[in-house]
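>>> Give me a model of this one.
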Amino acid sequence: MEIPPRSPDGSEKSPQSKELLTSNTASTLCISSRSESVWTSASRSKWDIYHKPVIVVSVGAAVFLFGMVITSLSCIQTKNKNVYKMCGPAFLSLGLMLLVCGLVWIPIIRKKQKQRQKSQFLQSLKSFFFNR
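The predicted structure is shown next:
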């Protein structure tokens, strides 16, 4: 008699259960996707929409200012001049990168909000004409 090979984790599943698991996972992914939130009519506050880019911009500005201070210390201090010269530009570039990413993120969110409003309008028109 032939013994079917075991899976690496030691669990034995029939081909039917593997198919069910795959289809169940796919439907769960579709249900929990963010694209479904487009059709909900719950309005969100400005803070709920923009809190992530605002935090990124704030952290970027703080790191950029810290980099400016460290870089300026390399001109004033003579004790650890090499350390300040190495760390200052690193903080400057990191802060500038975060600042620019956050500032670019805000118009992207605005554009998505406009698209969401248009799609809600089109969905309401569609439901009006086809659900008679």
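>>> Please make it C-alpha for all contacts and neighbour counts, starting now.
Will do.
>>> Checking Arg44 next. Helix, strand or coil?
When classified by DSSP: H, G, I helix; E, B strand; the rest coil, Arg44 comes out as coil.
>>> Let's see the pLDDT reported for it.
The score at Arg44 is 81. That number is its pLDDT.
>>> helices or strands next to the longest helix along the chain in the packing?
The residue-count maximum for a helix in the chain (DSSP state H) belongs to helix 81-130. Helices and strands touching helix 81-130, by 3 or more Cα pairs under 8 Å, 6 or more residues apart in numbering; DSSP states H and E, are helix 46-76.
>>> quick one: the helix it packs on to helix 81-130, angle?
Between helix 46-76 and helix 81-130, the angle comes out at 160 degrees (axes from the mean of the first three to the mean of the last three Cα atoms, to 10 degrees).
>>> Buried residues, helix 46-76. List them.
If you call a residue buried by 16 or more other Cα atoms under 10 Å, then helix 46-76 has these buried ones: 53-54, 56-68, 70-71, 73-74.
>>> Which elements pack onto that helix?
helix 81-130.
>>> List of residues touching stretch 69-79?
Asn80, Lys81, Asn82, Tyr84, Lys85, Cys87, Gly88, Pro89 (Cα atoms under 8 Å, 6 or more residues apart in numbering).
>>> Thanks a lot, see you next time.
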